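[1] The following block contains a protein sequence and its predicted model.
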Amino acid sequence: MKKGDKVRFLSETGGGKVVGFQGKDIVLVEDEDGFEIPFPINDVVVVGNEDYTTSKLVQAKAVAVEQKQGNAISQDNRSIKSLMREGQDEMANAFDGRYDVIDDTKAVSYKAPIEERKGGNTLSAYIAFVPIDIKEVTSTRFETYFVNDSNYYKQFSYLAAEGNSWKLKYQGEAEPNTKLYIEEFGRETLNDLTHIAIQLIAYKREKSFILKPSIAVQFRLDPVKFYKLHTFQDNPFFESPALLHDIIVNDVPVKPLVVDAKELKHEMYAGAAQKIAVQAQADGYVRRYENRQKKGHPFQAKHRNDDIVVIDLHADALLDTTAGMSSLDILNYQLTKFREVLAEHEGKKGQKLVFIHGKGGGVLRNAIVNELRYKYKKYTYQDASFQEYGYGATQVTIR
């Protein structure tokens, strides 16, 4: 019996731990409450000890291993390190490397979720034409892209007109906030791309969304533009300049400008145009032609007393002759003059501009309203005074 041994009493219940001796016959036992109780040494019996030294642990481990393997291993001829590693190698071998082998034949099924951007839940999409070498604009080839500027997936078809029928050139799906390559082409195929159509539907995956209507738009490409450097402008989607055609902007599909030559001619020469001319002349406005005689500057605006600028956009007021020009060429020229006037008065807040376009079939008016709605959103517009201009004028206020 020694200090640290666990003992129990023979003559009564209880026991404790040996903490000391008094002479040869008395042992001091500390009970569970911490009191030291003197007790006759022949009235206690040892039931355990607290020897947790490393040597005792190693010895117990070695004995267990010897019994398992049936080998008599002597502690005297083995190091403590080798004894402590006993059995660990067996466990490592048991895995046989199964969890270290990667099966690279299996397809990766994980796909990162689509990141949505703020303000991307309104649909915007464009067709972009990008020169491969902008420095050689007269000889370079071009790439066509579909630009999806929204948080929706878009399934779309890209078509080109062949007479009265259509040819499908590309069909695919564009992921949210990405641009998708469609094709490469040269100038030899420009005449096949003068009339383009886009059809698309929008949706989201694995989450609820607001249903958007299907879209079908058409637009015309002017082949001459692909020979002019200024046609291709800097934009947020490509590192190089590109020509972008709107398909839908902020949930509003772009309406095609369908120009009919007869309607345009009727617009220019209708009786309403003559009435407007009389009124404009009464205000001091000088027209380009009057009684087949040339008068004044071909693009002259009259400033009224209330500081309203009046601009006549009729073709015969802008051009000496329209011979050789198509109806689309005339319309583009009128829109160019419209943009020049807005640029001239940019920054003059509160300035009112009245554009006389005539009533006719509304082609020129619709084109002007389309420009104001999508390119000059900060400006306000309304029908000009009917008493002064009839039905054929639009008033724009610079903001």
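    Right, received. Where do you want to start?
[2] give me the number of residues near Gly15?
    19 (other CB atoms under 10 Å). Every residue, glycine included, has its C-beta placed from N, CA and C.
[3] what sits against it?
    Neighbour list for Gly15: Lys6, Val7, Arg8, Phe9, Val29, Asp31, Val44, Val47 [criterion: CB atoms under 8 Å, 6 or more residues apart in numbering].
[4] Quick one: the strands in the stretch 101-250 of the chain, in order.
    Under the criterion DSSP state E, counting those that start in this stretch, the stretch 101-250 of the chain contains strands at 125-131, 142-148, 153-162, 165-174, 178-185, 195-203, 215-220, 243-249.
[5] Closest one of the contacts of Gly15 to Ile134?
    Lys6 (92.5 Å; CB to CB).
[6] My guess is that closest one contacts Glu32. True?
    No: the criterion here is CB atoms under 8 Å, and Lys6 misses it with Glu32 at 11.2 Å.
[7] Any idea how many residues pack against the nearest residue to Lys212 once chain neighbours are set aside?
    Leaving aside its sequence neighbours, Lys212 sits nearest to Ala202 (CB to CB, 6 or more residues apart in numbering; 4.4 Å). Neighbours of Ala202 under the rule other CB under 10 Å: 25.
[8] Ala202 and Thr397: what is the separation?
    Applying CB to CB, to the nearest Å, the value for Ala202 to Thr397 is 34 Å.
[9] So if I had to pick from Lys6 and Glu32, which one is more boxed in?
    Lys6 (15 against 9).
[10] Can you report how many residues lie near the closest residue to Thr178 other than its chain neighbours?
    Spatially, and ignoring its direct neighbours in sequence, Thr178 is nearest to Asn148 (5.6 Å; CB to CB, 6+ apart). Asn148: 27 surrounding residues under other CB under 10 Å.
[11] next one: the one 10 residues further on
    Tyr158 is surrounded by 20 other residues when neighbours are defined as other CB under 10 Å.
[12] Same check on Ile247?
    Neighbours of Ile247 (other CB under 10 Å): 25.
[13] Make residue 1 into 56 and carry on from there
    Sure, I'll start numbering at 56, so the last one becomes Ile302.
[14] Is it correct that Thr449 is in contact with Ala422?
    No: because the distance of 10.8 Å does not satisfy CB under 8 Å, Thr449 is recorded as not touching Ala422.
[15] overlap in contacts of those two?
    Common neighbours of Thr449 and Ala422, using CB under 8 Å, 6+ apart, do not exist here.
[16] hang on, the earlier thing: farthest pair in the contacts of Gly70?
    The largest separation in the contacts of Gly70, counting by CB to CB, is between Asp86 and Val102 at 13.9 Å.
[17] any idea which helix is longest in the chain?
    Counting by DSSP state H, the longest helix found in the chain is helix 382-399.
[18] any idea of the angle it forms with strand 270-275?
    100 degrees (axes from the mean of the first three to the mean of the last three CA atoms, to 10 degrees).
[19] Quick check: what element follows helix 382-399 along the chain?
    strand 407-411 (DSSP states H and E).
[20] what are the C-alpha coordinates of the helix or strand following that next one, in PDB please?
    The element immediately downstream of strand 407-411 (helix or strand, assigned by DSSP H and E) is helix 418-429. Written as PDB, here are the backbone C-alpha positions of helix 418-429 (Å, rounded to 0.1, in the frame of the first residue of the first chain):
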ATOM      1  CA  VAL A 418     -44.100  58.200 -90.800                       C
ATOM      2  CA  LEU A 419     -41.900  61.100 -90.000                       C
ATOM      3  CA  ARG A 420     -43.800  62.000 -86.900                       C
ATOM      4  CA  ASN A 421     -43.500  58.400 -85.600                       C
ATOM      5  CA  ALA A 422     -39.800  58.400 -86.300                       C
ATOM      6  CA  ILE A 423     -39.300  61.600 -84.400                       C
ATOM      7  CA  VAL A 424     -41.300  60.300 -81.400                       C
ATOM      8  CA  ASN A 425     -39.300  57.100 -81.500                       C
ATOM      9  CA  GLU A 426     -36.100  59.200 -81.300                       C
ATOM     10  CA  LEU A 427     -37.400  61.200 -78.400                       C
ATOM     11  CA  ARG A 428     -38.600  58.200 -76.500                       C
ATOM     12  CA  TYR A 429     -35.400  56.200 -76.700                       C
END
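[21] mean confidence score for helix 418-429?
    Across helix 418-429, the average pLDDT comes to 89.
[22] Now it: buried residues?
    Val418, Leu419, Arg420, Ala422, Ile423, Asn425, Glu426, Leu427 (16 or more other CB atoms under 10 Å).
[23] Please, where are all the helices along this protein?
    Using DSSP H, helices in the chain cover 109-124, 135-139, 143-150, 316-324, 326-337, 370-373, 382-399, 418-429, 441-444.
[24] Run through the bridge partners of Leu408.
    Val364, Val451 (DSSP bridges).
[25] care to break the chain down by domain?
    61-103, 109-150, 180-308, 316-452 (automatic domain parsing).
[26] didn't Val102 look like it was pressed against Lys61?
    Yes: using CB under 8 Å, Val102 is in contact with Lys61, at 5.0 Å.
[27] how about Asp289, what does it touch?
    Pro296.
[28] Would you confirm that Gly227 contacts Phe211?
    Yes: the pair Gly227 / Phe211 is scored as a contact, 7.0 Å apart, by CB under 8 Å.
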